[in-house]
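A.B. asks: Below are the sequence and a predicted model for it; my questions follow.
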Amino acid sequence: MHKVLVVDDDKVLQQSVRQALEYHHFVVDVADNGKEAVTKVYGQKYDLVVMDVNMPEMDGIQALIEIKKHDPSVIVLILTAYSNVTDAVKAVKEGAYNYLEKPISSENLVALIKRALKARSMVETVGFSSPTLSIGETSTSKDKFVGESNAMKKVFDVISKLAKVNTPVLIRGESGTGKELVAKAIHYNSPRKDEKFVIINCGAISENLIESELFGHEKGAFTGADSRKIGKFQFAEGGTIFLDEIGDISAAMQVKLLRVLQEKTFMPVGSNREIKVDVRIIAASHKPFEEMIKDGSFREDLFYRLNVLPVYLPPLRDRKTDIPHLVNHYINYFNNVHNLRVKGADPEALDVLSNYSWPGNIRELRNIIEHCFIMEASDMIHVSSLPSVVFKDQKKVESSDQGSEDSVIDIEDIQNSVLDATPAAKSSHEVHFSFGTKLAEGGKLDFAIAKDQFEKEFIVQALKLNKGRINQTALNANIPKKTLLRKIEKYEINPKDYY
């Protein structure tokens, strides 16, 4: 639950706000003035502070400045009388999230608090490689970014700059890198944060419907238009519209979007009236715009109009130092979703995850962690609970570990090797490995092929003896479980065949 500090020298108002927040399941603490509030914030962690401006000892503006110096991530909401709105605006400039005029409606207060917490959640989510990105203009670069990935620090810096202005934005990056989260982080930390954030996936809407979806239509504009429809641009008035996969729109629609960007007007389908609109456009795509401009499939003027301060989201494979942070983030997330208490991932599992190439980026990592929650029976994620797909890149690691030794050896060396050895101790479970590879020209064998054949046969025999049970096979055959699982994937062996 979120912890809130209510600061007001008016005891009646203080208790009224406290009761309203506790009714909505917030944990609430109180302070009678700014000085007491600062002391409490220095002593414990609060998610949000609701604070009056005019108080004895220390006023709300000075207390806000001190609180933000100590913890820039704390959200501060200012309460003010109608006659004192100037001070409230000053507080917002000093880093307050927003203000409310007295008398206060509990419904409006709770709604504003929820929006503020949502805004912070969006920023922290997009910044979970750090894993946190604080809000507030008083933050220093040291306060903002705590993490390993320089690539994401650059992204956070650009987000911070874009949140303060009203220019169009183009977010570029591979699928699954978090482009929508970046768009939300920009919107919910901009002056438009209290207005609508509308999402349109341009690639999911057919070409003959997208104009109506964006700009609306008049009754009878086309077959099936039985009534007038308000488009998403008009619906998002004053807010932000996020055009995902903008690289998929047609040339005709590109012209219409360019007009909206330049003139701030559009015409609904089947209408002769122009509608003026105040909407910020944030677009995103994984498409190669430079190549599309060359072949004429995307307008150069639209590209440059959107690409004022571009946001490039790096793929996960280029910021692998963030993987442990991401894993912990999703472990915490799925613990809450599934009401579990997984403590983390063990070093071997993290090693496998770090060596994977992540073609699906963060979206794929999220799915893999949820897969582990389903498969893992303990309170730690182990290699055995990882899906087989993450082991496919381990083959490259193995081949690079073979060193510079010759890959071809003489048959006499093979004859004295373990490949022809029979177990010295005879038992009912005796296993004999036979080497059946044909001699190559010149009487020599390929070592890599021979090694693979032996490994595969060894693992098959071990699985047979242990009835396909992975843990018991690893223990009795003296193979690290991580290695065993990797080899099973490499040689396409199905342990269930030996149950």
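C.D. replies: Right, received. Where do you want to start?
A.B. asks: what's the average pLDDT for stretch 77-97?
C.D. replies: Computed over stretch 77-97, the mean pLDDT rounds to 79.
A.B. asks: Now do the helix or strand containing Ser354, average pLDDT.
C.D. replies: For Ser354, the element it lies in under DSSP states H and E is helix 347-355. Taken as a whole, helix 347-355 has an average pLDDT of 90.
A.B. asks: just checking, what packs against that helix?
C.D. replies: With contacts defined as 3 or more CB pairs under 8 Å, 6 or more residues apart in numbering; DSSP states H and E, the packing partners of helix 347-355 are helix 323-338, helix 361-375, helix 394-400. In short, each C-beta sits where N, CA and C put it, glycine included.
A.B. asks: can you list the ones you listed in a markdown table and add mean pLDDT and distance to Arg228?
C.D. replies: A markdown table is the format used below for these (pLDDT from 0 to 100; distance: least, CB to CB, whole Å):
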| stretch | mean pLDDT | distance to Arg228 |
| --- | --- | --- |
| helix 323-338 | 87 | 41 |
| helix 361-375 | 92 | 38 |
| helix 394-400 | 48 | 59 |
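A.B. asks: could the ones you listed go into TSV alongside distance to Ala349?
C.D. replies: Below are the helices and strands packed on helix 347-355 laid out as TSV (distance: least, CB to CB, whole Å):
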stretch	distance to Ala349
helix 323-338	8
helix 361-375	8
helix 394-400	13
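A.B. asks: Ser227 belongs to a helix?
C.D. replies: No - counting by DSSP: H, G, I helix; E, B strand; the rest coil, Ser227 is not found in a helix; it is coil.
A.B. asks: correct me, but it touches Ala221?
C.D. replies: No - Ser227 is not in contact with Ala221 according to CB atoms under 8 Å; the separation is 10.4 Å.
A.B. asks: Who has more neighbours out of those two?
C.D. replies: The neighbour count for Ser227 versus Ala221, taken as other CB atoms under 10 Å, is higher for Ala221 (17 against 8).
A.B. asks: where does that one land on pLDDT?
C.D. replies: In this model, Ala221 is scored at 80, pLDDT.
A.B. asks: Neighbours of Lys193, how many?
C.D. replies: By other CB under 10 Å, the residues close to Lys193 number 20.
A.B. asks: swap that for Thr86, sorry
C.D. replies: 10.
A.B. asks: now do Leu170
C.D. replies: Leu170: 24 surrounding residues under other CB under 10 Å.
A.B. asks: Just confirm it contacts Lys287, I think it does.
C.D. replies: No - contact criterion CB under 8 Å: Leu170 and Lys287 do not qualify, at 10.8 Å.
A.B. asks: Looking at the record's assignment, how would you partition the chain?
C.D. replies: Using automatic domain parsing, the domain parsing of the chain gives 3-118, 149-312, 316-392, 406-498.
A.B. asks: Report the separation between Leu306 and Val198.
C.D. replies: According to CB to CB, to the nearest Å, Leu306 and Val198 sit 17 Å apart.
A.B. asks: now swap in Gln254 and tell me
C.D. replies: Gln254 is 19 Å from Val198, by CB to CB.
A.B. asks: Low-confidence regions, the stretch 101-250 of the chain specifically.
C.D. replies: Applying pLDDT under 70 to the stretch 101-250 of the chain picks out residues 120-148.
A.B. asks: which residues of it fall in helices?
C.D. replies: Assigned by DSSP state H, counting those that start in this stretch, the stretch 101-250 of the chain shows helices spanning 106-126, 141-144, 150-163, 179-187, 207-215, 232-235.
A.B. asks: got a markdown table for those, with distance to Met58 and mean neighbour count too?
C.D. replies: Formatted as a markdown table, the helices of the stretch 101-250 of the chain follow (distance: least, CB to CB, whole Å; neighbours: other CB atoms under 10 Å):
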| stretch | distance to Met58 | mean neighbour count |
| --- | --- | --- |
| helix 106-126 | 23 | 18 |
| helix 141-144 | 22 | 14 |
| helix 150-163 | 29 | 19 |
| helix 179-187 | 32 | 25 |
| helix 207-215 | 50 | 18 |
| helix 232-235 | 44 | 18 |
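A.B. asks: That's all I had, so thanks and see you.
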